[in-house]
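Q: below are the sequence and a predicted model; questions follow.
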Amino acid sequence: MTIKFVLLVNKQGQTRLAKYTDSTMTTDERRALEGEIVRKCLTRADKQCNIVEHRNFKVVYRRYASLFFLIGVDAEENELSILEFIHCCVETLDKWFSNVCELDIMFSLETTHHILDEMIMNGCIVETNKSTALIPVQLLEKTRDG
C-alpha cells in the first residue's frame, strides 16, 4: 500500500492539513498538485464516485461535515480499502477530539499530525485500531502537561 499524500480541506478549498510521504516533490509542486486536486474533487457532484485519477495518482476522497479527506495513492491501489481507512481516520480523530471539526484540526495541528503518523508510516497503513493509535498521543500530551 503506498499512500503518497493525505489532505484535509474545507468546503472553500483551503488546505487545513497536508501530509506527504513522497519526498521527491518540491513545495511548489505540492502546492500546484493540491490546487489541481482540490478543484477537481470539490467541484464534483455528490452523486459522483469518490475516486478521481489525476496525473499518476488515484485520489480517494470523502466528505465529513465541512471537511474533505483526500488521500492520494498509487494507481493500482484498492479504492475501497482507502475509503475504509479514511473512515477509520475520522473515527480516530472523533475519539480524540469528541466529534472532530475543522477548528479542532486547525488549533491542534501538531496533535492531528501525530495521530496520522501513528496510523501511516512511510506511505503504509500501520495502525487501524483507534485506541492503539491514540496511546502514543496520550503519552505525549501527558509529558507536555506534567
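A: Everything's here; your move. Residues are numbered from 1 along each chain as shown.

Q: which parts of this protein are strands?
A: Per DSSP state E, the chain carries strands over the ranges 3-10, 15-20, 51-54, 57-64, 67-74, 120-121, 124-125.

Q: redo those strands as CSV? Include distance to Arg30.
A: C-betas here are computed from N, CA, C, even on glycine. Shown next, in CSV, are the strands of the chain (distance: least, C-beta to C-beta, whole Å):
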stretch, distance to Arg30
strand 3-10, 8
strand 15-20, 6
strand 51-54, 13
strand 57-64, 12
strand 67-74, 11
strand 120-121, 17
strand 124-125, 20
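
Q: which residues of this protein score low on pLDDT?
A: Confidence mapping of the chain against pLDDT under 70 gives the ranges 1, 146.

Q: okay, Leu70 and Asn129: tell me how far apart.
A: In this view, Leu70 and Asn129 are 23 Å apart by C-beta to C-beta, to the nearest Å.

Q: err, Ala45, not the other one
A: Taking C-beta to C-beta, one finds Ala45 at 35 Å from Asn129.

Q: what of Val59?
A: For Val59, the distance to Asn129 equals 26 Å [C-beta to C-beta].
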